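*Asks:* what follows is a protein structure lacking sequence information:
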C-alpha cells in the first residue's frame, strides 16, 4: 500500500509539473515565433515602399535620365538604412530588335557610352537593366543585362506582370557576387505601366532591387549569444538547399522545442523555423519535476522496504513461536507418560531437545533476517547512490529546498543501513575483523566508560581472572556487545543495584548443562545484575530480533540478537540465567586463541578529491541488480574509467574471453548461478594479473568473508566510497 500510494503521488506530481512547464514553454516559444514573423514583415514592408517610390517615378515621367535616377536613389541612403539591399534599379521592356536598337541609342545619348543589351541574340521581348544605383559593388557590370533570359528571374518577372504586385524571386547567384564569401541572392520586382504609344496602357518595365539574403536578414534576427531562440529562414520548404539565413550558422544543434511559421514575402512563401536555445531552456522549470520524481521514488522505496522487512520478520517469528508451542505440547504429553524413575533423565533430554530447537529456530530466523537485510542493502545501495549522484550534480541554481530534501533522504537511508547492520549481526552475516585480544585489558577500559555512562545508582564491580587466555575476535564488536548487555542490566535496575563483570578460563563441558558450550577451552565473560530478572518465556525469546519488554520508543529489540549473532559468528556461545526478583547473568564463551598476533590494520585513506582513472584503466562491473549496476557503471565512467558491464558470471566470463583487457573485476558476491567468488577464481585462472574488488549486502558464511578480506566494499556504499575503494584495489594490487 505504501508503494502504491508513493508511486501514484510521485507520478501525479511529476506529470503535473511537467505539463504546467511544457505549456508555459510552448507559450514562450509562440511569442518568440510571432515576434520573428513581425520583424520580417516590417523589414520587407520598408523595402517594398522603396520600390513603389521608384515605380511611381517612372510612371510619372517617361524621360527619367541616368543622372536624375542616381540623384533620387542617392537620397534614400541605402547603405546605412537598408542593409542587404545592393541597389535600386529599373529594367525597360521593349519588343523587337528595332526597339532594342533605339533603347541602346537613347542610353548612349544619356552618357552610357558602352551600353548594350546582353546576352546578345534575337528575341521577341527584351527586358534590359537600364538603371541600377548606386554604381558600386559590381552594380555597373550588370547594366544592359536582360534578366528575362534566366529562368528564376523570368518566373518572378512574369508573376509580377501578371498580378501587378511585388514578386520575389527564388534564390539566385547575383551577377554582383565576385570574390569574398558568396551569399544567397534574391530579386524583388514591381511592374511599371504606362502608355504603349498606340493609345493604350501596357507594361513598360520593372522597378527592381537585388538583395543579399544574409545581409538583408541579419539585422532582423540578431545573433547575440544571449538570444533565446535560433531562427532559420527558408525559401519554401525547410530543406538544406532552400536555406536563406540562419542565426546558428554551422553550429545548429537539435532543440527540444521548435515552431514553424510560413510567411508570404512578395508573393513567395518563406518558412521560418524557430528553435529553442540553452538560454531558453535555462528559463524552464523542467528540472524541478525530475528532482521531484527522484526524491519521491527514493522516499517511497525506503518506506516500502522498511515496512516489508518488519512485516516479514514479525510473521516468521510468530510462525516459529506457534511451531514451538506445538512441539512443547507434544513433549509435555510424552513426559507425563514416562515413569517416575526416568523423570530426571527426561528432564535433561527435554532441555537438550529444547536447546536444539532453539538453535534451529534462531538459525532459521537468522537466515531469513540475513536474506531480508541483503535485499534491503541492495535497495539501499540504489537509494544512497542515487541521492549521492543527485547531490553531486546540483549546480546551485535549483530551489534550495531540493538540497535539503536530498540530505533528509540520505539521513533516512543511513539510519536504515544501521538497522540492516544490526540485522546482519544477528544473522551472523556481518563482516568482522578478528584479532588476538586481551579481554582483561578491554574490560579495564570498558569499566571506566560504564562508570561514566550508567550513573551513580549502579555500583560496578569487576572480578578479572589472572593469566586470562587470549581470544580471537573483533574488538569493536565485542566492546559493543558488552555495552549492550551493561545497558540492558542498568534498565533492569531502575532503582539502582550492582553490576558485576567477571572473566575466567574454562574448559568445557562445564557440569552437565546442555545449554552450555561445546567441549573445548574457552574464555568466559559474565555480566551479572541484581535487577528484576526475567520469566522463562522471556528468556526463551530474548535473542529474537525485534523482541523487547521495554516501553515503546525505548528500544529496537535488536540488542541481544546482535550479541547472539556476533558471538556465534566468532565461534562462541552465549547463555542467560535469570530468576525473577533476584537478577540475571549473561555468559559469553569465546574460544581460546593459540595462533600468532595479527598485523596492524592499514591506515584509513585521507579525505580529499575523488581519485580518478589512470592510463585508460578498464573495469568490468558484474551485478545482477540492474539499478545498482547502472549507478556503479555511471560513477566509474565519470571518474574516467573504461567500463564494461555484465548481469551474471557467465556473461562476464564471455566478455573476458573475447576481450581480456580488464584491469579490475568489480563483482557482487551473491548472484544467481555462479557467485562472485567462483567467478573471480575462474577469471584469474586465465588472467592471473586481473585485480578483484567484491561487493555484497552480506557473505553467505564465515569462510566466504575470509576469502574476500581486504577487497570488499559493503553495500550500501556512497560514490566516494566506491571511488576510493576501486582506486585502492588497483593500487594495492599494482604494488603487490
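*Replies:* Received it, and whenever you're ready, just let me know what you need. It should be emphasised that the depicted structure is a prediction, and the values quoted were computed from it without experimental measurement. Residues are numbered from 1 along each chain as shown.
*Asks:* longest helix in the chain, by number of residues?
*Replies:* The residue-count maximum for a helix in the chain (DSSP state H) belongs to helix 2-60.
*Asks:* state the mean pLDDT of the helix or strand following it.
*Replies:* Toward the C-terminal end, the helix or strand that comes next after helix 2-60 (DSSP states H and E) is helix 66-74. Here helix 66-74 scores 91 as its mean pLDDT.
*Asks:* helix 66-74 to helix 2-60, inter-axis angle?
*Replies:* Here the directions of helix 66-74 and helix 2-60 differ by 150 degrees (axes from the mean of the first three to the mean of the last three Cα atoms, to 10 degrees).
*Asks:* buried residues in helix 66-74?
*Replies:* 66, 69, 72, 73 (16 or more other Cβ atoms under 10 Å). Using the backbone N, CA and C atoms, a C-beta is placed for each residue, glycine as well.
*Asks:* and residue 33, how many residues sit next to it?
*Replies:* Neighbours of residue 33 under the rule other Cβ atoms under 10 Å: 19.
*Asks:* next one: residue 277
*Replies:* A total of 17 residues lie near residue 277 under the criterion other Cβ under 10 Å.
*Asks:* so it makes contact with residue 226?
*Replies:* No: the pair residue 277 and residue 226 fails to qualify as a contact (Cβ atoms under 8 Å) at a distance of 9.3 Å.
*Asks:* closest to residue 53 among the buried residues of helix 66-74?
*Replies:* Nearest to residue 53 among the buried residues of helix 66-74 is residue 72, at 8.2 Å by Cβ to Cβ.
*Asks:* okay, now the unreliable bits of the stretch 551-700 of the chain?
*Replies:* For the stretch 551-700 of the chain, applying pLDDT under 70 flags the ranges 551-559, 597-608, 698-700.
*Asks:* sorry, wrong one. I was asking about the stretch 101-250 of the chain.
*Replies:* Along the stretch 101-250 of the chain, the model assigns pLDDT under 70 to residues 178-180, 195-201, 250.
*Asks:* 90 - rerun?
*Replies:* For the stretch 101-250 of the chain, the stretches with pLDDT under 90 are 111, 113, 135-138, 141, 175-183, 194-202, 222-226, 248-250.
*Asks:* so which residues of it form strands?
*Replies:* Listed in chain order, the strands of the stretch 101-250 of the chain (DSSP state E, counting those that start in this stretch) span residues 125-133, 167-168, 185-195, 201-212, 229-235, 243-246.
*Asks:* dump those strands into TSV; add distance to residue 258 and mean neighbour count as well.
*Replies:* Formatted as TSV, these follow (distance: least, Cβ to Cβ, whole Å; neighbours: other Cβ atoms under 10 Å):
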stretch	distance to residue 258	mean neighbour count
strand 125-133	39	23
strand 167-168	25	22
strand 185-195	25	21
strand 201-212	26	22
strand 229-235	9	23
strand 243-246	13	20
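*Asks:* reformat those strands as a markdown table; add distance to residue 4.
*Replies:* Compiled in a markdown table, the strands of the stretch 101-250 of the chain are given as follows (distance: least, Cβ to Cβ, whole Å):
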| stretch | distance to residue 4 |
| --- | --- |
| strand 125-133 | 77 |
| strand 167-168 | 62 |
| strand 185-195 | 63 |
| strand 201-212 | 64 |
| strand 229-235 | 42 |
| strand 243-246 | 50 |
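*Asks:* so which of those strands comes closest to residue 312?
*Replies:* Counting by Cβ to Cβ, and looking across all of those, nearest comes strand 229-235 at 55.6 Å.
*Asks:* buried sites along stretch 487-499?
*Replies:* Judged by neighbour count using 16+ other Cβ under 10 Å, the buried positions of stretch 487-499 are 488, 489, 490, 491, 492, 493, 497, 499.
*Asks:* tell me the domain ranges of the protein?
*Replies:* 45-217, 286-325+353-426, 435-591, 618-735 (automatic domain parsing).
*Asks:* which among the ones you listed is found nearest to residue 20?
*Replies:* Across these, the minimum distance to residue 20, taken as Cβ to Cβ, is reached by domain 286-325+353-426, at 8.8 Å.
*Asks:* quick one: contacts for residue 435?
*Replies:* Applying Cβ atoms under 8 Å, 6 or more residues apart in numbering, one finds that residue 435 lies in contact with 472, 473, 474, 475, 598.
*Asks:* what's across from it in the sheet?
*Replies:* Residues found in beta-bridge contact with residue 435 (criterion: DSSP bridges) are residue 473.
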